[in-house]
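Peer 1: Next comes the sequence, and after it the predicted model I'd like to discuss.
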2 protein chains.
Amino acid sequence: MSEGSAARTVSNQLSEWITEGQLPPGAKVSETSVAQRLGVSRNTVREAFRLLAHDGLLVHEFNRGVFVPLVTSADVRDVYRLRRIIEPGVVRSLGRPDLHRLARLRSVVAEADEASAERDWVRVGTANMHFHRSLVSLAGSPRLDVTMRRLMAELRLVFAVIDDPRFLYEPFVRRNRELLTMMSAGRFGEGADYLEAYLADSEGAILAAFEEKESA
Amino acid sequence: MSEGSAARTVSNQLSEWITEGQLPPGAKVSETSVAQRLGVSRNTVREAFRLLAHDGLLVHEFNRGVFVPLVTSADVRDVYRLRRIIEPGVVRSLGRPDLHRLARLRSVVAEADEASAERDWVRVGTANMHFHRSLVSLAGSPRLDVTMRRLMAELRLVFAVIDDPRFLYEPFVRRNRELLTMMSAGRFGEGADYLEAYLADSEGAILAAFEEKESA
DNA sequence: ACGTAGCGAATCGTTGAACAATCTGTCTAG
DNA sequence: CTAGACAGATTGTTCAACGATTCGCTACGT
């Protein structure tokens, strides 16, 4: 499945392994081991490494190899600093109520509702990421989109080290829906403020779960 | 010079060729031709391609090759949209007057003055880029830094197609110095507003030169 | 004349093996 | 116990080759 490029499939597989915690933060990822396990050439693995390094899911140290990044609380703060700059700004800049362009957001919210009903928290998590990426895409800025994709990828890295993501994801299902309601009504300023508080809460919750993890 | 990685030296060379206009926008860059001309392996060239694609200096189309991006006026607008979000925001967020951290900015301004006196406009241009990157680095955000690096790289792409960059660079030497004066005095709010107008003018000037180019 | 199908050349994607350069850890010598 | 040499492992880079895909060209049919 997912044809097109061997390097791409390898990078997808590695991405899964990382976000599912099989490759713990700080772990070294050897070229030959991955090449053997996935039955591809070393060169292809190297190309996949570059793809993932591009999204921040791996770090490349010259002559030393690639490693799963050790995410610190400073990184979490940095990611959220950018999110707080970008996301509310996008909502605020949405002058006209382009209602039909909110369709995608609506479907993502529905998806989150469904997954939440089934207590499938990882699906809720990915739906949440899709929501925020779709939100940013409303700005119509390609460069904002790639920045946001990077940030979300790094966030997946953070969630990989947290055991029970339920209390992190569950509240956001409701808040995403409320934000969408405000935007549908054309109340973009109010939505931006709401999203700002939302993101602050989210950062706080993640940092709390994170520092609790550090003490252990 | 700049040992350590063959791929890095190749990417630096390619970067020069692109920004100096030897590789025009839209041109296809073949793997084998570059490999032969620089005396390196195809694999190394591919690695260099990925590095440059990461900064937006090349675009990679599967099974088709890599190309020098065709920058449109929409791209210029997009780059400046992000700059207007990031740079004034950084200045505004500089709460305490960390005067000693402005030292680097000061030296860059001096460099620009010197280059301007010698009418070396490409040196003025790189000094200008250094100024804005150093400005953003004051925020202490790694992710903001890499975003800014990307944006500046793409901007080099734009300048490559403009013949006489003098009237684009020259006014900014003074404005950078004035902005620095405001920041040195702790007037960050005023500086942010100044920078906002500054960026708007810059975008306008580039777009003007750009559309004039398009008509020809 | 025009559009289309098919053929062939060129280029890319990937493989596999090989060698050089570098890092890491161990073991010895002082 | 520290410093330095040595060996093993891993990465960086090269080379040659083969299938896959794209592109331009020719030839054909309408």
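Peer 2: Thanks, I have the structure now. Numbers count the residues shown, from 1 in each chain, chains lettered A, B, ... in the order given.
Peer 1: What's the local residue count around the closest residue in space to residue A:54 that isn't next to it in sequence?
Peer 2: For residue A:54, ignoring the flanking residues on the chain, the nearest one in space by Cβ to Cβ, 6 or more residues apart in numbering or on different chains is residue B:54 at 5.5 Å. To be clear about C-beta, it is placed using only N, CA and C from the backbone, and glycine gets the same treatment. By other Cβ atoms under 10 Å in any protein chain shown, 19 other residues sit near residue B:54.
Peer 1: before we move on, what about residue A:127?
Peer 2: 24.
Peer 1: And residue A:10, by the same measure?
Peer 2: Residue A:10: 24 neighbours (other Cβ under 10 Å).
Peer 1: residues touching it, list them.
Peer 2: Shown in contact with residue A:10 (Cβ atoms under 8 Å, 6 or more residues apart in numbering or on different chains): A:34, A:38, A:40, A:44-45, A:47-48.
Peer 1: Mind checking which of those residues are in helices?
Peer 2: A:34, A:38, A:44-45, A:47-48 (DSSP state H).
Peer 1: can you give me the helices in chain A?
Peer 2: A:6-19, A:31-38, A:42-54, A:73-93, A:103-117, A:121-137, A:142-159, A:166-184, A:188-215.
Peer 1: what's the spacing between the residue nearest to the spatial centre of chain A and DNA strand D?
Peer 2: Geometric centre of chain A, nearest residue: residue A:152, 2.4 Å, by Cα atoms, centre = their mean. For residue A:152, the distance to DNA strand D (Cβ to the nearest atom of the strand, to the nearest Å) stands at 27 Å.
Peer 1: Pull up the residues of chain A that are close to chain B.
Peer 2: Proximity of chain A to chain B (Cβ under 8 Å from any Cβ of the partner chain) is limited to residues A:4-5, A:43, A:46-47, A:50, A:54, A:62, A:78-79, A:81-82, A:85-86, A:89, A:141-144, A:147, A:150-151.
Peer 1: Pull out the buried members of those residues.
Peer 2: Using 16 or more other Cβ atoms under 10 Å in any protein chain shown as the burial test, the residues of chain A next to chain B include A:5, A:46-47, A:50, A:54, A:78-79, A:81-82, A:85-86, A:89, A:141, A:143-144, A:147, A:150-151 as buried.
Peer 1: what residues does chain A put near DNA strand D?
Peer 2: Within chain A, the positions adjacent to DNA strand D are A:28-32, A:42-43, A:46, A:60, A:62-66 by Cβ under 7 Å from any atom of the strand.
Peer 1: quick one: contacts of stretch A:56-64?
Peer 2: Under Cβ under 8 Å, 6+ apart, the answer for stretch A:56-64 is A:14-15, A:18, A:29, A:49-50, A:52-53, A:66-69, A:150, A:153-154, A:156-157, B:4-5.
Peer 1: repeat for stretch A:140-147
Peer 2: So stretch A:140-147 is contacted by A:82, A:86, A:90, A:133, A:136-137, B:78-79, B:81-82, B:147, B:150-151 (Cβ under 8 Å, 6+ apart).
Peer 1: change it to 6 Å
Peer 2: Residues from elsewhere that reach stretch A:140-147, judged by Cβ atoms under 6 Å, 6 or more residues apart in numbering or on different chains: A:136-137, B:78, B:81-82, B:147.
Peer 1: cool, and stretch A:194-201?
Peer 2: With contacts defined as Cβ under 6 Å, 6+ apart, stretch A:194-201 is touched by A:83-84, A:87-88, A:91, A:175, A:179.
Peer 1: Please produce CSV containing these, extended by distance to residue B:99.
Peer 2: Shown next, in CSV, are the contacts of stretch A:194-201 (distance: Cβ to Cβ, whole Å):
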residue, distance to residue B:99
A:83, 30
A:84, 27
A:87, 33
A:88, 31
A:91, 36
A:175, 41
A:179, 41
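Peer 1: Thank you kindly, that will do.
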